[in-house]
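*Asks:* sequence first, then the predicted structure:
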Amino acid sequence: METNSKETLQADFDVFDISEEFGFLLEEPLTHLPDHYQVWLDLANNLIHLIESRKLRDLVDKMPVLSPDLLSDHRELRLAHLALGFISMGYVWQEGQHAPAEILPKALALPFWLVSRRLGLPPILTYADSVLANWKLKDPTGDMRIGNMDLIFSFPGGDTCRGFFIVSLLVEMAASPGIMGALEVMRAIKVSDLTGIKNGLIKVTQSLKKMKEKFKFMHNHVEPAAFHGKLRIFVSGWRDNPMLPRGVMYEGVSDEPILLSGGSAAQSSAIQCFDALLCIQHEEETGAFLTRMRDYMPPAHRQLIETLSVCPPLRDFILSCSNSDLCQAYNSCVSALVDLRNYHLNTVTKRACEGRDGKIYVSSSDRLRLHISTPVGIGYHTDLLSPLYLMDDTGKSCTSNVHRDMKGDLIRGDRRASSWIENADGSSRSLSSSILPCSQVKSL
């Protein structure tokens, strides 16, 4: 029975292109391509200097049009996508936000488009590129700790750029056991294995807590002024972006500009997997945005989210079991996910305040939807907070409206809102000590 379970799990690893150790990370990314594509690597490896000296666009404009047909395997294609993505971002944003390039030249646009089609990814730098496939070990015999890790390609921003992407990678690595737990729950619910479901949920909870601990490294490795002043522009896309309202023209690919979002944590397959597993519900606009972000994930990772989404609803199953241990495991899991999202949001808003002039600068692709005014060209504002729907242990629905005027709290970044829910007996308990960024989270 144990052998069959391992074989089933390995089959899932193969189908969804994940591993027990690395989760969604690309294992052992390549750093070299066939010599035919050396010009791409030369540009990507020297990107910082070429951007800062304002020479990148001139060199790309002189670049030959290369066919990607000589790229033979998945890891070569991922490295090519990574390199072309970095070059494209550098090309568009070399002159800053006031003079973005509105056309990608054919020598860049066409091979990028063709590589993207083979991978099932869009022709823009994605989270799957800059985080999941952009790492190497300084000492190949050493472990994956922050001091032994480096980026394959980088943008201006120095240690902040390295820290931002490496810490994001460590957060993804911390998600790996949780992904395994989600697979175990998915299999266990099909055969009504209550112990298997509970154990899988415990793994997810532990993983979410570890992700939060890894995310805390951002405080020591990302300097807000460097992030907002140098790095941020180079991960900005050309959809919902006032600096490029019509998008970017891909020469040799399309006669019309193309609209694409930049990379962001919304493209993390891990978080969306946990959402799907736990039946997390978002407002219509938010849900539509997150679903669209799946188009920026590798197809196999997207398939796992969709598979979890169509499984028998975990929450309904647990309610039907009337099992207090299972209920507690589920609630702990939801609380850990809420806690991670809260911590992420509070950190982003507070650090953004420290970035420039005490104002919060948020790109539209981040979709934090802060209820504040943001400068033109950086983002926009809508409403963030709405009621939090929960259930107590008896299954009775209760609502806690945490929609308050949090503008002062968000701008200062140093105060938290407490969400209280009413139990069946009329008593109250605190669910979260901070702002809830997802609009509707159902707990048991």
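*Replies:* Right, received. Where do you want to start? Residues are numbered from 1 along each chain as shown.

*Asks:* from memory residue 132 sits against residue 23, does it?
*Replies:* No. Counting by C-beta atoms under 8 Å, residue 132 does not reach residue 23; the two are 9.1 Å apart. Every C-beta, even on glycine, is put in place using the N, C-alpha and C of the backbone.

*Asks:* residue 327: neighbour count?
*Replies:* 22 (other C-beta atoms under 10 Å).

*Asks:* chain center to the helix or strand that contains it, what's the gap?
*Replies:* In this structure, residue 327 sits in helix 324-355 according to DSSP states H and E. Averaging C-alpha positions (C-alpha atoms, centre = their mean, to the nearest Å) puts helix 324-355 15 Å from its chain's average.

*Asks:* and residue 282, what pLDDT?
*Replies:* Predicted confidence (pLDDT) for residue 282: 89.

*Asks:* next: residue 65.
*Replies:* 98.

*Asks:* with the one 10 residues further on instead?
*Replies:* The predicted local distance difference test score for residue 75 is 97.

*Asks:* for it, which non-adjacent residue is spatially closest?
*Replies:* Nearest non-adjacent residue to residue 75, counting by C-beta to C-beta, 6 or more residues apart in numbering: residue 30, 4.9 Å away.

*Asks:* does residue 204 touch residue 183 like I think?
*Replies:* No. Look at residue 204 against residue 183 with C-beta under 8 Å: they stay out of range, at 10.3 Å.

*Asks:* residue 263: what secondary structure?
*Replies:* coil (DSSP: H, G, I helix; E, B strand; the rest coil).

*Asks:* wait, it touches residue 133, no?
*Replies:* No. Using C-beta under 8 Å, residue 263 is not in contact with residue 133, being 11.5 Å away.

*Asks:* quick one, which of these two is more surrounded?
*Replies:* residue 263 (26 against 23).

*Asks:* and the pLDDT at residue 354?
*Replies:* Confidence score, pLDDT, at residue 354: 65.

*Asks:* same check on residue 330?
*Replies:* In this model, residue 330 carries a pLDDT of 96.

*Asks:* that one and residue 337: what is the separation?
*Replies:* 11 Å (C-beta to C-beta, to the nearest Å).

*Asks:* next: residue 92.
*Replies:* Residue 92 is 34 Å from residue 337, by C-beta to C-beta.

*Asks:* same deal with residue 328?
*Replies:* For residue 328, the distance to residue 337 - C-beta to C-beta - is 15 Å.

*Asks:* give me the more crowded residue out of the two.
*Replies:* Counting neighbours by other C-beta under 10 Å for residue 328 and for residue 337 shows that residue 337 has the greater number, 25 against 14.

*Asks:* follow-up on the earlier one: what sits in contact with each of residue 330 and residue 337?
*Replies:* residue 278 (C-beta atoms under 8 Å, 6 or more residues apart in numbering).

*Asks:* mind checking the backbone torsions on residue 136?
*Replies:* Dihedral angles of residue 136 (phi, psi; degrees, to the nearest 10) stand at phi -150, psi 160.

*Asks:* counting neighbours, what do you get for it?
*Replies:* 14.

*Asks:* so it is in contact with residue 149, correct?
*Replies:* Yes. Contact criterion C-beta under 8 Å: residue 136 and residue 149 qualify, at 7.4 Å.

*Asks:* ok but residue 108 is inside a strand, no?
*Replies:* No. Assessed with three-state DSSP, residue 108 is helix; it does not lie in a strand.
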